[in-house]
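**Student:** My questions are about this predicted structure, shown below with the sequence.
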Amino acid sequence: MTTLHGGNLIGGTSSALGNIKFSGYSTLEGKSLETAYHEATPNEIDRAVELAAEAAGAYRALPAGVRADFLCHIADEIVALGDDLLEIAHQESALPKDRLTGERGRTVGQLRMFADLVREGSYVDARIDRALPDRAPLPRPEMRRMLVPLGPVAVFGASNFPFAFSVAGGDTASALAAGCPVVVKAHPAHPGTSEMAAGAIVRAAQALGISPGVFSMMHGRADVGARLVRHPDLEAVAFTGSLGAGRALFDIAASRPKPIPVYAEMGSINPIFVLPSALEERGAALAAGLAQSVTAGVGQFCTNPGLVVGIQSAQLDEFIQTVARTVSQAPSPMLTMGICSAYHQGRERLKNLRGVHLETRQAEQADSAHALAAPSVYSTDAETFLGTPILSEEIFGPLTLVVACRTSDEMLAVARSLEGQLTATIHAGASDPAASRSIAEILETKVGRLIFNGFPTGVEVASAMQHGGPYPATTDSRSTSVGAAAILRFLRPVCWQNAPNELLPPELQNDNPRGVWRLVDNQWTREAIA
């Protein structure tokens, strides 16, 4: 088993100056783990960002091929950690090893995906408008525009994805791909996993001779994150977690003398709309699919379907009961004691609301050490849902609420009442095209991803994926934290006007040495400019 040192990694060097320590906790074993981790001191936080700022120019200037090699080398180093990485993540998160193996594969895959994106190069969105010296009444100057790196980026690890949304996850991969140094605040729920992944990045940088300031990782809680976001050399923040924490970081960033963007993904209830024809055609299959989606990962996905909306009928009653029977199972350990406590508080809140009914009947097991939680299905009517705003709030865990509407108009009213979401889903049969269209037109204004006849828990790492949505799902609905477009968060446009060819970036030079796609006089081409 890998020996963990418990320090912060500041510019590639272990640093443990702080007196505040904490340990990881295993809900599997019901006890704290052995290694003590040092919270970063203010001086360590400042030093990490200062090193990132010092490294930014050299890292931005690296050839694209070197940046791509760096990402691939990180992937190789993560794979080389082998079973030790899976074991510590299993202990710290209670996630099964087969799930963690798949998540590690996703993490490695997205690093290599961004490497391919950097090598191809067209993501810089190069645009060239050649001069029109004879244009009347005024000539047009030559203008060349492309996207360039923002600068140092802070990444906050998420509790529910110790690999894919953590130290070497998609936020770090996309920022490094964009040419931005990264300072990570590791999530305190999996500090050992974070230390191992951070070591992989440091070794990759060392192997390629990249400035050590390009990456740092620190441990700590809210105070560490707040100081990090306030540092004047920081240019952007990426966060995945709760609405409260994400909004707090957003407010800090906005209150700085120089505000910076915060790309916070803060959760969602991911509503599913089930039309009558879908229940008639495949009610049993829909119930089985919903039960699996609600309970996957003990409901700890940001795309967990926490709301189901249908038209009141005997088929909907049977659907509710089938889902409730299917999810009735022994409690499972959640990621942390805090997450489990919040889940139970949410359950109790729903149980005490008039007009809301608990459909599952399994007994909870008393537990003070293992963070056990059982799935829950609740039901209510549309009138109660529309009149009770708290029913629209996310309860993170294996829970869903089914809303029975009297009419299709009431179903549309429920759709209109929703806040911004990561996803929404429509299940419809062959006889429901008009109803599907009416709901879809509303949901398109509410979500980042609209799913038809499926379930939202699968998030594919691909060019067309959108993992974001209107507030409060995220702080910027124009961005995604999954897929190739995630790189755009850490880039900004610059226009060169009448610049000498030799001073231009390669992507904008006349001969297009990288062969990227460019919009030249409003025509896409890879050809050189004579």
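**Tutor:** Yes, it's here. Numbers count the residues shown, from 1 in each chain.
**Student:** I'd assumed L234 was in a helix, is it?
**Tutor:** No - going by DSSP: H, G, I helix; E, B strand; the rest coil, the assignment for L234 is coil, not a helix.
**Student:** Pretty sure it sits against P152.
**Tutor:** Yes - L234 is within contact range of P152, at 5.4 Å (criterion: C-beta atoms under 8 Å). Bear in mind the C-beta positions are built from the backbone N, C-alpha and C, glycine included.
**Student:** what do the two both touch?
**Tutor:** Shared contacts of L234 and P152, defined by C-beta atoms under 8 Å, 6 or more residues apart in numbering, are found at V49, V183.
**Student:** all helices for the stretch 401-530 of the chain, in order.
**Tutor:** Ranges of helices within the stretch 401-530 of the chain are 408-417, 433-443, based on DSSP state H, counting those that start in this stretch.
**Student:** Just the buried residues of the longest one, please?
**Tutor:** Burial within helix 433-443, assessed by neighbour count using 16 or more other C-beta atoms under 10 Å, is assigned to A435, S436, S438, I439, A440, I442, L443.
**Student:** ok, so of these, who is nearest T380?
**Tutor:** Nearest to T380 among the buried residues of helix 433-443 is I439, at 19.2 Å by C-beta to C-beta.
**Student:** give the contact list for that closest one.
**Tutor:** F273, L275, M411, L412, A415, I426.
**Student:** Would you single out the least confident of the helices of the stretch 401-530 of the chain?
**Tutor:** Ranked by mean pLDDT, the helices of the stretch 401-530 of the chain bottom out at helix 433-443, with a mean of 91.
**Student:** got the angle between that helix and helix 408-417?
**Tutor:** Orientation of helix 433-443 against helix 408-417 (axes from the mean of the first three to the mean of the last three C-alpha atoms, to 10 degrees) gives an angle of 20 degrees.
**Student:** low-scoring pLDDT stretches of this structure, where are they?
**Tutor:** 1, 363-368 (pLDDT under 70).
**Student:** quick one, longest helix in it?
**Tutor:** helix 97-120 (DSSP state H).
**Student:** Quick one: list the elements packing against the next helix or strand after it.
**Tutor:** As assigned by DSSP states H and E, the chain's next helix or strand after helix 97-120 is strand 126-129. In this structure, strand 126-129 makes packing contacts with strand 143-149, strand 518-520, judged by 3 or more C-beta pairs under 8 Å, 6 or more residues apart in numbering; DSSP states H and E.
**Student:** How about residues contacting strand 126-129?
**Tutor:** By C-beta under 8 Å, 6+ apart, strand 126-129 touches 140, 142-146, 507-508, 516-521, 529.
**Student:** Pull the distance from that strand to the chain's centre.
**Tutor:** Strand 126-129 sits 32 Å away from the centroid of its parent chain (C-alpha atoms, centre = their mean, to the nearest Å).
**Student:** Sheet partners, orientation included, of it?
**Tutor:** strand 143-149 (antiparallel), strand 518-520 (parallel) (DSSP bridges).
**Student:** So G18 lies in a strand, does it not?
**Tutor:** No - counting by three-state DSSP, G18 is not part of a strand but coil.
**Student:** Kindly confirm whether my reading is correct that L9 touches M217.
**Tutor:** Yes - L9 is in contact with M217 according to C-beta under 8 Å; the separation is 4.6 Å.
**Student:** residues shared between the contacts of those two?
**Tutor:** With C-beta under 8 Å, 6+ apart, L9 and M217 have common neighbours E195, A198.
**Student:** neighbour-wise, which of these two wins?
**Tutor:** M217 (29 against 26; other C-beta atoms under 10 Å).
**Student:** coming back round to it: which one's more surrounded, L234 and P152?
**Tutor:** P152 (30 against 22).
**Student:** just to revisit the earlier point, for G283, which of the strands paired with strand 126-129 is the nearest?
**Tutor:** Going by C-beta to C-beta, the one of the strands paired with strand 126-129 nearest G283 is strand 143-149, 48.3 Å.
**Student:** Okay, buried residues for that closest one please.
**Tutor:** Quick answer for strand 143-149 (16+ other C-beta under 10 Å): R144, R145, M146, L147, P149.
**Student:** if I pick the last one, what's in contact with it?
**Tutor:** I take that to be P149. So P149 contacts A56, Y59, R60, A178, G179, C180, F490, L491 (C-beta under 8 Å, 6+ apart).
**Student:** so can I have CSV of the residues you listed showing distance to E394 and neighbour count?
**Tutor:** What follows is the contacts of P149, written out as CSV (distance: C-beta to C-beta, whole Å; neighbours: other C-beta atoms under 10 Å):
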residue, distance to E394, neighbour count
A56, 36, 23
Y59, 37, 26
R60, 38, 16
A178, 30, 29
G179, 35, 24
C180, 30, 26
F490, 27, 27
L491, 30, 22
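**Student:** out of those, which one sits closest to C302?
**Tutor:** F490 (20.6 Å).
**Student:** didn't the closest one look like it was pressed against A154?
**Tutor:** No - between F490 and A154 there is no contact, the gap being 11.1 Å when judged by C-beta under 8 Å.
**Student:** Now for the two: what residues contact both?
**Tutor:** A236.
**Student:** hmm, back to that, tell me which of the helices and strands packed on strand 126-129 sits nearest to G338.
**Tutor:** strand 143-149 (35.5 Å).
**Student:** Tell me the gap between the closest one and the middle of its chain.
**Tutor:** 27 Å.
**Student:** Quick check: can you name the pairing partners of the helix or strand hosting S32 and their directions?
**Tutor:** Here S32, judged by DSSP H and E, is contained in strand 31-38. Strand pairing for strand 31-38, determined by DSSP bridges: strand 21-26 (antiparallel).
**Student:** Tell me how far the partner strand lies from the chain's centre.
**Tutor:** 24 Å.
**Student:** Please point out which parts of that strand sit buried.
**Tutor:** In terms of neighbour count (16+ other C-beta under 10 Å), strand 21-26 has its buried residues at F22, S23, G24, Y25, S26.
**Student:** Identify the residues contacting it?
**Tutor:** Under C-beta under 8 Å, 6+ apart, the answer for strand 21-26 is 6, 31-39, 91-92, 94, 188-192, 219, 336-337.
**Student:** Of these, just the buried ones, PyMOL syntax please.
**Tutor:** In PyMOL syntax, the buried subset of these is picked out as below (16+ other C-beta under 10 Å):
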select buried, resi 6+33+35+37+38+39+91+92+94+188+189+190+191+192+219+336+337
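**Student:** thinking again about what came up before, for the contacts of I439, pick the one with the most neighbours.
**Tutor:** F273 (27 neighbours).
**Student:** host element of Y59?
**Tutor:** Using DSSP H and E, Y59 falls in helix 42-61.
**Student:** What residues of that helix count as buried?
**Tutor:** Quick answer for helix 42-61 (16+ other C-beta under 10 Å): 44-56, 59-60.
**Student:** can you check stretch 503-522 too?
**Tutor:** Counting neighbours by 16+ other C-beta under 10 Å, the buried set in stretch 503-522 is L504, P505, P506, E507, L508, Q509, N512, R514, V516, W517, R518, V520.
**Student:** Quick one: residues contacting the nearest residue to G299 once chain neighbours are set aside.
**Tutor:** Of all residues not flanking G299 in the chain, P398 sits nearest, at 3.1 Å (C-beta to C-beta, 6 or more residues apart in numbering). Applying C-beta under 8 Å, 6+ apart, we find P398 in contact with V294, T295, V298, G299, N304, V327, A373, A374, P375, S376.
**Student:** Need the three-state assignment for G192.
**Tutor:** helix.
**Student:** quick one, what contacts it?
**Tutor:** So G192 contacts L4, G24, L33, T35, I88, Q91, E92 (C-beta under 8 Å, 6+ apart).
**Student:** Mind doing that once more with 7 Å?
**Tutor:** L4, G24, L33, T35, I88, E92 (C-beta atoms under 7 Å, 6 or more residues apart in numbering).
**Student:** Quick check: the residue lying closest to S268 once chain neighbours are set aside vs A200, distance?
**Tutor:** Distance criterion C-beta to C-beta, 6+ apart; nearest residue to S268, sequence neighbours excluded, is L422 at 3.9 Å. Look at L422 and A200: by C-beta to C-beta, to the nearest Å, they are 29 Å apart.
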